[in-house]
Every structure is written in structure tokens, then in C-alpha cells.
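**Q** Below is the sequence, then the predicted model.
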Amino acid sequence: MRRRKNGGDTFKHEIWEETLLYTGIRGPKALIGAAALMAASFAQPTLAQEQLSIATGGTGGVYYPMGGGLAEVINNHVEGYSATAEVTGASVENMGLIATGDADLAIGLADTVYQAYSGTGRFEGQQLPMVRGIASLYANMVHIVALKDSGITTLEDLRGKRVSIGAPGSGTEVNSAAILAANGITYDDIEEQRLNFNETADALANGDIDVGFWSVGAPTSSILNLATTQDIVILALSEAELAAATAADATFAVTTLPGGTYTGVDQDTPVLGIPNVLTVSSEMSDDLAYAITSAMFENIAEMQAVHPSANQTTVEFTLSATPVPLHPGAIRYFEEIGATVPDRLRP
């Protein structure tokens, strides 16, 4: 995922290497044509666009289409830059990619983002103080899914079952571990498997697991597809279970998955919600962070057309839900439009 930038001596050196290779194969007459081509390239340089990488998640979730929508906004509205959404292991991996510079922007769950910034939880002893927020995009809902004929209806029913807790390095893995631990269920009580969203849906359909966790925006394609071929249930947590989880992790909030979101799940389901944060490194220039923030919020309809979760992408949600300091370039945009940025979000 490391980016290769065009321009300068690197670009000239690559052309010279290609010229030598070409002349070695074609003979001396080709040297004249190749040299002329090289000269023409220097005489009429193309305007280089710097490539930006957006770390997302698997293709069966919401991060990837949201990242693709953001990439299109950047391509269309941020001059001199082009962007690509990259498939990754999601939140935990994405914070590492920001730290190493292998991604320019990354989406992550609020608890994972905060743990990375503060050096706690999964990032104990490896603090990433360079993590900065651009926006809070939308809230995940933690879906706990089983097949209807499994007889599994409560969190306690997971004991002794085969459970997908999310892909390694994903926010789902962080969230599922927090929910289980808060309610007295350890990995010794289940047969845990670490599968991504599409793998979890396939494993449920094939009978290879009994329960799967998704921490994802609703609706998500992998569950939508599963529900078209299988009768599913989404476990409703009790008030006590919800309270235990929110007490253990302040980034959790109780919310409702509306009935009818998925085929066969007709009743409203109380679930845990958690914001998703668009992050960058503090090393990103203020001007670029400002340009990205401005382009996204001024053209948010383009992202909403890609996925309905972008309907939650507002300045108000960002200023209330972001768990880490905002990048100064983003703060410049928010202040420019008259928003009040809380002190807790200033670096």
C-alpha cells in the first residue's frame, strides 16, 4: 500500500531505465525515437497528481463503500490529488497504517481510535499520538446474528457455541471482546473464530459456526445477502447486558436497529452503537486536511448516494462523537462555517 509519487528525479530515472531497455532490444535506430520521446516528456510535463490511500475494511461491510465515496469526492473536488479506497482488516490495522504512513486516511471505530491515541487497550505500550480526527462518519450497530433454527436467542446462549468474533485487527473483534467480557463471558466459554464479514455470513449459512458478530453500519450487504437465503435472528441484549457494556466502555451507546432492516427481522432490536471516525496523521498538512474536510462536507450528497450511512455524516455528529483531537485543518473548516469546536477536540 506504500504510495509511489510521480515527478522529479525518480520520474526521469524511470524513463531513462525504460529507454535503455528499449534500445537494448530494438537497436540504435530506436535510440533516436526513444530519446525524442524522452525529450518530449520533459518538454511537456504532465501535471502530477499525488495519490492518497484510504484504509477501509472488508468488502462486506460499510467502510469500503464509504471509503470509495470519499475517494470520489477527493478525486472530483480536491485539486492535485487522487484517492483510492483500500481493503484492509479494518480499525486496529488501520490505526497502524496511519502511524506508518502507509495510509493517508483511515476509518476506525471510536473505541479503537481512542485506544490507539491514548496507548490503552489493544494499543497498550504502543501509543500512536499522531492520530487525529477529520470527522465522525456514522454510528455502527453491533449485530449478533444466528440462524433462526439454531435456538440461540440470548447472549448467554453463546456459551459452548462456535462464535465469529470478527476479523483479526478489526473493530468488530474489539467490540465483541468488550461486550462478552462485560457480561462475564470469556473465550474459554466459546469456540472463537476470527472471520471477516463475508466469511462470517458464509460460515453461518454453511453451518460452520453458530453465531457471528458484526460491528457495522446498518444495513450491511453481507447480512442482507445472508437474510435472503436463510432465516436469521439478531440477538436483543437485555437492559442489564446493555448497561454492563456501556459501563465498561464509554464509547458504547444504546440504540435501536429498526425492524424491517433485514428480511425476517421485523421487530425493533436494542443494540449497542459506536461512532466511526475518519482519521489522519498529525503530519498531514493543514491545507490538505482542510481541503478534504471542506470537500467532504460541502459535497456530502455524493457520499450519501453511495451508502445511506453517510446521512449521519454531519458537523454536529463530528463535534459530539469524535473521541480524539481534530486535525487543525479540519478545525479551520469547522470554525470557518461558524461551528464551535470544543476544547477537548483541539490538539
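**A** Now that the structure is in, tell me what you want to look at. Numbering: from 1, shown residues only.
**Q** And Ile54, which helix or strand is it part of?
**A** strand 50-55 (DSSP states H and E).
**Q** can you list the residues that contact that strand?
**A** If you take Cβ atoms under 8 Å, 6 or more residues apart in numbering as the criterion, strand 50-55 is touched by 1, 3-5, 67, 70-71, 74, 80-86, 88, 93-94, 97-98, 102-107. C-beta: built from backbone N, CA, C; applies to glycine.
**Q** now it: how far from the chain's centre is it?
**A** Relative to the chain's own centre, strand 50-55 is displaced by 13 Å; criterion: Cα atoms, centre = their mean, to the nearest Å.
**Q** pLDDT (mean, whole number) over it?
**A** Strand 50-55 comes out with an average pLDDT of 98.
**Q** Then stretch 250-270?
**A** Computed over stretch 250-270, the average pLDDT equals 92.
**Q** Now the terminal residues of that stretch, how far apart.
**A** By Cα to Cα, to the nearest Å, the extent of stretch 250-270 from end to end equals 17 Å.
**Q** Counting neighbours, which bits of that stretch end up buried?
**A** 251-253, 255, 257, 261-262, 265, 269 (16 or more other Cβ atoms under 10 Å).
**Q** Show me how to select, in PyMOL, the buried members of the contacts of strand 50-55.
**A** Selecting only the buried entries of the contacts of strand 50-55 in PyMOL, with 16+ other Cβ under 10 Å as the criterion:
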select buried, resi 67+70+71+74+81+83+85+86+88+93+94+97+98+102+103+104+105+106+107
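**Q** Just the ones of the contacts of strand 50-55 in strands?
**A** 81-86, 105-107 (DSSP state E).
**Q** Export the residues you listed to JSON lines and append columns for distance to Glu50 and pLDDT.
**A** Converted to JSON lines, the ones in strands among the contacts of strand 50-55 look like this (distance: Cβ to Cβ, whole Å; pLDDT from 0 to 100):
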{"residue": "Tyr81", "distance to Glu50": "5", "pLDDT": "98"}
{"residue": "Ser82", "distance to Glu50": "8", "pLDDT": "98"}
{"residue": "Ala83", "distance to Glu50": "10", "pLDDT": "98"}
{"residue": "Thr84", "distance to Glu50": "12", "pLDDT": "98"}
{"residue": "Ala85", "distance to Glu50": "16", "pLDDT": "98"}
{"residue": "Glu86", "distance to Glu50": "16", "pLDDT": "98"}
{"residue": "Leu105", "distance to Glu50": "13", "pLDDT": "98"}
{"residue": "Ala106", "distance to Glu50": "17", "pLDDT": "98"}
{"residue": "Ile107", "distance to Glu50": "20", "pLDDT": "98"}
